[in-house]
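> only geometry, no sequence info:
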């Protein structure tokens, strides 16, 4: 059920704002990758957040492509796929050999294996409505996991009594981002978007 028409200026404005904030969230790791480039080393950084970010963006891009009138979802997730791919490429260029192998395995399993299997399954064995439900639920589950992952830092913050490990601006923009996408999805009547992005 759509509460407001997708063409309504408030809905479009929220979607546009969601795109801008999501773009800022995608750019949040940029200082880390500038540091990696300058030091020519990944130090103790891991590729998992970027592989998972790409995985999530790929699913939401697929969801946007199979759901009508999802241009804003397509634009931000296309940008997300490009940005996350660049991060992974920089990481791979400066990572030690074992980290490169781990990253390649993760990419093969998640982004090719799981994503490819879901796309193939939904294209071959489901109809439009069912396909949208399968991809919507899968995208939502992945997004909840991606948003929940930083909460593992909370334990470290409590144990050390220091917020050094919890970047304030990233946490702030993720909260704003989730709020904007919730409102956008709610007004569109798309609970997958409302719950997940």
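Thanks, I have it. Since the model is a prediction, treat every value here as computed from it, not as a measurement. Numbers count the residues shown, from 1 in each chain.

> Where in this protein is the helix or strand with the lowest mean pLDDT?
Taking all helices and strands of the chain together, the one with the lowest average confidence (mean pLDDT, DSSP states H and E) is helix 152-160, at a mean of 71.

> where exactly do the helices run in the chain?
Under the criterion DSSP state H, the chain carries helices at the ranges 9-27, 30-39, 48-66, 71-94, 97-106, 115-125, 128-148, 152-160, 168-188, 191-196.

> residues in contact with the third one?
Just to be clear, that refers to helix 48-66. Outside of helix 48-66, the residues within contact range by Cβ atoms under 8 Å, 6 or more residues apart in numbering are 26, 29, 70-71, 73-74, 77-78, 80-81, 84-85, 87-88, 91, 103, 106-107, 110-111, 114-115, 118-119, 128, 131-132, 135-136, 138-139, 142-143, 145-146, 149, 192, 196-197. Glycine gets a C-beta too; all of them are placed from N, C-alpha and C.

> Name the residues of it that come out as buried.
Using 16 or more other Cβ atoms under 10 Å as the burial criterion, the residues of helix 48-66 that qualify are 49-64, 66.

> Over to the shortest one?
Of the residues in helix 191-196, those buried by neighbour count under the rule 16+ other Cβ under 10 Å are 192-196.

> Quick one: the residues you listed as JSON lines, columns for distance to residue 9 and pLDDT too.
Putting the buried residues of helix 191-196 into JSON lines (distance: Cβ to Cβ, whole Å; pLDDT from 0 to 100) gives the following:
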{"residue": "192", "distance to residue 9": "23", "pLDDT": "91"}
{"residue": "193", "distance to residue 9": "18", "pLDDT": "91"}
{"residue": "194", "distance to residue 9": "19", "pLDDT": "87"}
{"residue": "195", "distance to residue 9": "24", "pLDDT": "82"}
{"residue": "196", "distance to residue 9": "24", "pLDDT": "74"}
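
> hang on, residue 23 packs against residue 79?
Yes - with contacts counted by Cβ atoms under 8 Å, residue 23 reaches residue 79, the gap being 6.1 Å.

> circling back to that earlier point, now the contacts of helix 48-66: which count as buried?
Neighbour counting with 16+ other Cβ under 10 Å marks 26, 29, 70, 73-74, 77, 80-81, 84-85, 87-88, 91, 103, 106-107, 110-111, 114-115, 118-119, 131-132, 135-136, 138-139, 142-143, 146, 192, 196-197 as buried within the contacts of helix 48-66.
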